[in-house]
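# here are the coordinates; sequence isn't available:
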C-alpha cells in the first residue's frame, strides 16, 4: 500500500502538514493546539487513518469535536513530560492530581466548581499512601491548578466564571466555574489496558511482540516498529538495537514511507538513521534553540567536538547501554515503587486473558524527527553495520564543568544571570537537553559522546551587542 495513495501532488503538502500536526499533537480539539487544526485533520482523516495504521500501527479516532491518535509505545521515555503553565515538567504529584481530576470529571455533570473538583481530588488523594492533598496548603493548590490548567488548555474544561488564580491565592473567598467537555475528557484518557491488572510498567508497552504469527505478519510488525523508532526519536543508532531491526532500518521502503507521510527526509549514515527536521516542523524540542540552556548546550557541543577532534586517541572510550538495557533498568526502578497489592493483584492477574483493552493513549508524546538537528554527520562510511563492541568517548563531569565555566566567562553576558550563577544546575539542564536529542548519553560521573554531536564541531558564537538608541 502506497502512503497518501489518494492524495494529488498539489495537495500532498497540506496532507503532510496534517500528518505532522497529529504526530506532534496526538489530541486535537476545537481549541487545541489552535482553532485551525481540527478542520485540517478532519479533511484528511480518512487517508490519515489508513496511513497511520499501515505505516506505524497507530489508530486515529476522529469524532465531532476531537481527533485522537492512539500511539503504540515501544519503550519508556522520560523526555516527553506534561508541562505546567510556566513550561516546567510535571512532577509525580501533578501527574497524580491530573489522573484523579480526570476520574472525577468522568463522574461529573456538565459543570463543576474548582473547589468542588479540588474536594473530589483531595478525597481520592487521601486514600493513596504518600500522596494526599491539603487545599489549605498553597503548594498543593498550585499543583492541582497546574493539572486543571493542562486540561483547560486541551479543551476538556472551559472557564465559565471566576478565576483559578484567585482561588489559588484565597480559596475561602474566591471560586471558578468550569464547563466540562465530556468528549474531550473521554479522548484524553485511553489506557492500553485496565490499570488494575498491570503488575509491571512494561505491560503498558506494545503488546504485539512475541505473539505467535506468520512470518509475513511478523515482518510487518518489525517494519512498523522500525518506522516508529525513526519517527519518534531524534536519531536511531544501529548499535543501540537488536540486529533484527537493522535490515528494516536500511530498507528503501522505510525512507519512502516516512518521507511521503511527513514531508521530511530520512538520512542514513554508518552509525544510524535520522529523520531530518529542517525548520523544526515535527519536534517538541528545539535544538539549536533560544534561551540560556540551549545556548550553553550548543556552545558545549562545539567545545566537546573540537576537543575530541584533537584528542580522540587519548580519551577513554566506554560502551553505552543499549535500548533494551535502558528499558530494563527504568522498568526495575519504576516497578520498585509500585504498591504491593498482594493476593488481590495475583487474583486480578488470573483474568488477564479475558480483559478488554484499548489502544495506547499517550497525550504528551513527542515526535522526535531529528530533534531539530537537521541531519546526521557521522563517519563517511554509509550503510555498514555497527560492530558489536561499539564504544564512545567518555568525558567526566569535572571536565564538562570546567569547560562550561570557560564558556560562561566568555559568553555569560548574553545569558540569564540567575542560571549562570548556578553553574551546576545549568550544566545538568544542558546535558539533559543534549541527551534528549541524541547527542550524549548520561552515565555516572559524566557523559558518553554520541556520533551525532560531530555535526556541531564548526559552531562559532559571538555576543550580540545591544543596539544604540
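Arrived safely, thanks for sending. These numbers come from a predicted model, not from an experiment.
# so how far is residue 259 from residue 252?
Residue 252 sits 11 Å away from residue 259, taking C-beta to C-beta, to the nearest Å as the criterion. For the C-beta atoms, the positions are set from N, CA and C on the backbone; glycine is no exception.
# of these two, who's got more company?
residue 259 (16 against 8; other C-beta atoms under 10 Å).
# for the more buried one, give me its contacts.
Counting by C-beta atoms under 8 Å, 6 or more residues apart in numbering, residue 259 makes contact with 265, 266.
# begin at 55, not 1, for the rest of this chat.
Fine by me, first position is 55 from now on; the one you just mentioned is residue 313.
# and it, that one's in a strand?
No: going by DSSP: H, G, I helix; E, B strand; the rest coil, the assignment for residue 313 is helix, not a strand.
# what about stretch 87-104, distance to the chain center?
21 Å (C-alpha atoms, centre = their mean, to the nearest Å).
# okay, buried residues for that stretch please.
91, 92, 94, 95, 98, 99, 101, 102, 103, 104 (16 or more other C-beta atoms under 10 Å).
# excluding its backbone neighbours, what's nearest residue 462?
Once flanking residues are discounted, residue 462 sits nearest to residue 474: 5.4 Å by C-beta to C-beta, 6 or more residues apart in numbering.
# circling back to that earlier point, just curious, which of the buried residues of stretch 87-104 is nearest to residue 375?
Distance to residue 375 across these (C-beta to C-beta) is lowest for residue 102, with 35.5 Å.
# pLDDT score assigned to that closest one?
As predicted, residue 102 sits at a pLDDT of 96.
# can you list contacts of the helix or strand that contains it?
Under the criterion of DSSP states H and E, residue 102 resides in helix 99-105. Helix 99-105 has contacts (C-beta under 8 Å, 6+ apart) with 55, 57-61, 69, 72-73, 76, 95, 113-114, 116, 121, 315.
# pull up the pairing partners for whichever helix or strand comes after it, direction included.
Using DSSP H and E, the next helix or strand after helix 99-105 towards the C-terminus is strand 113-116. If you go by DSSP bridges, strand 113-116 pairs up with strand 120-124 (antiparallel).
# check which element follows the lowest-mean-pLDDT helix or strand in the chain along the chain.
The weakest-scoring helix or strand in the chain, judged by mean pLDDT, DSSP states H and E, is helix 396-404 (a mean of 45). Per DSSP H and E, the first helix or strand lying C-terminal to helix 396-404 is strand 446-450.
# so which bits of that following strand are buried?
446, 447, 448, 449.
# format those residues as a markdown table; extra columns: pLDDT and distance to residue 286.
Putting the buried residues of strand 446-450 into a markdown table (pLDDT from 0 to 100; distance: C-beta to C-beta, whole Å) gives the following:
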| residue | pLDDT | distance to residue 286 |
| --- | --- | --- |
| 446 | 93 | 22 |
| 447 | 94 | 26 |
| 448 | 96 | 27 |
| 449 | 95 | 27 |
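# which parts of this structure are strands?
All strands of the chain, identified by DSSP state E, fall at 81-83, 113-116, 120-124, 165-167, 211-216, 230-234, 290-291, 319-322, 326-330, 371-372, 446-450, 494-497, 500-503.
# closest one to residue 457 among those?
strand 446-450 (8.7 Å).
# neighbouring contacts of stretch 365-385?
By C-beta under 8 Å, 6+ apart, stretch 365-385 touches 129-130, 132, 254-256, 293-296, 362, 443-449, 495, 497, 502, 504.
# one more pass at 10 Å, please.
128-132, 254-257, 259, 283, 287, 290-291, 293-296, 299, 361-362, 442-450, 453, 494-495, 497, 500, 502-504 (C-beta atoms under 10 Å, 6 or more residues apart in numbering).
# restricted to buried residues, select those in ChimeraX.
Remark: buried members of the contacts of stretch 365-385, expressed as a ChimeraX selection using 16+ other C-beta under 10 Å:
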select :128,129,130,131,255,256,259,283,287,290,291,293,294,295,299,361,362,444,446,447,448,449,453,494,495,500,502,503,504
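# Provide a list of residues in contact with residue 453.
Residues in contact with residue 453, defined by C-beta under 10 Å, 6+ apart, are 357, 358, 361, 369, 500, 501.
# nearest to residue 270, of those?
Nearest to residue 270 among those, counting by C-beta to C-beta, is residue 501 at 41.9 Å.
# need the nearest residue in space to that closest one, chain neighbours excluded.
Residue 501 sits nearest to residue 494 (C-beta to C-beta, 6+ apart), 4.2 Å away.
# residue 318 now?
residue 329 (5.0 Å).
# taking the contacts of helix 99-105 together, which two end up most distant?
55 and 121 (21.7 Å).
# wait, residue 497 touches residue 448, no?
Yes: between residue 497 and residue 448 there is a contact under C-beta atoms under 10 Å: 7.4 Å.
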